[in-house]
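Visitor: Just a sequence and a predicted model for now, questions to come.
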Amino acid sequence: MKLKIAVLAGDGIGPEVTHEATNILRAVAELSGHEFTFVPLLIGGVAITETGSPLPTATLDAALDTDAVLLGAVGDNKFNALTPDKRPEAGLLQIRQALGGFANLRPSIAYKALAASSPLRPEVTEGVDMLFVRELLGGLYFGEPRWWNRDAGEGGGEAINTMRYTKAEVTRVARVAFELAGKRRKKVTSVDKANVLEVSQLWRAAVTEVAKDYPAITLEHQLVDSMAMHIMNTPRNFDVVLTENLFGDILSDEAGVITGSLGMLPSATIGGQVNLYEPVHGSAPDIAGQGKANPLGAILTAAMILRHSAGLEQDAAAIEAAVHKVLDAGYRTGDIARGQDASQTPVTTQQMGKLVHQALTESIDRRQAMHAV
């Protein structure tokens, strides 16, 4: 398998965690006989510093010529004085839109070894395995008109954002959710606010229509406010959770408490010309360069590259199994360490990456030995 991957490490802890993720991908390539090529590119604050733009044309052109894009993180407080369209985060929104991916996949998994890292009780989180499918190119984040009248004088001013969806936009992301549910536990929970919003009424009607093509899949509808409560109380009840852009952004971050840390959460954006992959956590500039960042979200994101852009399910599963093994052995970065538990071993970003590399090597070697018998 040949795979050309654009690497946009970005800002803050982005370069650190992305380095560990690419190391894992290189290990997979070497151990399994694949050929992966990595193309380093600029985005975010580092791109502003070097080129004046959060998404240089050269970056976008090169990214469109690859098979997958791996993004670290963007954002730095030193750019806060810039207008929103000039800040590092604007580069992220621009590349998402340009690559065309409309379905954002965010797994939320309860790792048994991290039960104590979640503020929820272990009996609540045990066995949770949710996959959020978030529509990514519509809704409030991209709807027009949008503006802010800042010059209306004291006590004045007005801002407008528009939540807008077409039936076609809802239908295409709903089909992604139903297809993925067919490979999992065959249940889709669609989240909306249909009791108040016309956009949500369209959403619910379109999803219900799509469900007719998937008779083996169970569909349920939940209002976003009640869903926020159910995720905390009964998360095991959910398999694939389908949401519009804003609701998905909030709910998938909320579900991070199930895993124990945003540093554990990967994501993939699929459906466009080139798939975009990024850990859910931000750039965390306050800990950048200190070896404190958790690289597991980025490493698990690398597994999603292999699954969704290369079709290498066995290698993707091997990475995920290696992460499980390292966590079960008690190794922890600061964000997932709890108390003075003697069974836990604190490690740096780089040490965690090396431990996963070692576990992955053992797993693939064992698999290859079994095939050779």
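Guide: That came through fine. Numbers count the residues shown, from 1 in each chain.

Visitor: Residue 242 in helix, strand or coil?
Guide: Counting by DSSP: H, G, I helix; E, B strand; the rest coil, the backbone at residue 242 sits in strand.

Visitor: which residues in the chain form strands?
Guide: With DSSP state E as the criterion, the chain has strands at 2-10, 35-40, 68-73, 103-109, 129-135, 147-149, 158-160, 187-192, 218-223, 240-243, 268-270, 275-277, 331-332, 345-346.

Visitor: between those, which one is nearest to residue 311?
Guide: Among these, the nearest to residue 311 by Cβ to Cβ is strand 2-10 (10.3 Å). C-beta here means a position set from N, CA and C on the backbone, and glycine is covered the same way.

Visitor: Which residue would you name as the spatial centre of the chain?
Guide: Residue closest to the average C-alpha location in the chain (Cα atoms, centre = their mean): residue 267, at 2.0 Å.

Visitor: That one and residue 277 touch, don't they?
Guide: Yes - counting by Cβ atoms under 8 Å, residue 277 is a contact partner of residue 267 at 7.1 Å.

Visitor: worst average pLDDT in the strands of the chain?
Guide: With a mean of 87, strand 147-149 has the lowest mean pLDDT of those.

Visitor: which strands and helices sit next to that strand?
Guide: If you count contacts as 3 or more Cβ pairs under 8 Å, 6 or more residues apart in numbering; DSSP states H and E, strand 147-149 packs onto strand 158-160.

Visitor: which parts of the strand it packs on are buried?
Guide: For strand 158-160, the buried set under the neighbour-count rule, 16 or more other Cβ atoms under 10 Å, is empty.

Visitor: starting at the chain centroid, how far to it?
Guide: Relative to its chain's centre, strand 158-160 lies at 30 Å (Cα atoms, centre = their mean, to the nearest Å).

Visitor: tell me what it is packed against?
Guide: By 3+ Cβ pairs under 8 Å, 6+ apart, strand 158-160 packs against strand 147-149.

Visitor: Within the sheet, what are the partner strands of the strand it packs on, with directions?
Guide: strand 158-160 (antiparallel) (DSSP bridges).

Visitor: quick one: contacts of the strand it pairs with?
Guide: 145-149, 152 (Cβ atoms under 8 Å, 6 or more residues apart in numbering).

Visitor: Surely residue 248 and residue 138 touch.
Guide: No - look at residue 248 against residue 138 with Cβ under 8 Å: they stay out of range, at 11.1 Å.

Visitor: In terms of packing, which of these two has more residues around it?
Guide: Taking neighbours as other Cβ atoms under 10 Å, residue 248 and residue 138 compare with residue 248 leading, 23 against 20.

Visitor: what's the closest non-adjacent residue to that one?
Guide: Spatial nearest neighbour of residue 248, excluding adjacent residues (Cβ to Cβ, 6 or more residues apart in numbering): residue 134 at 2.8 Å.

Visitor: roughly how far apart are the one you found and residue 163?
Guide: 14 Å (Cβ to Cβ, to the nearest Å).

Visitor: cool, and residue 194?
Guide: Distance from residue 194 to residue 163, by Cβ to Cβ: 13 Å.
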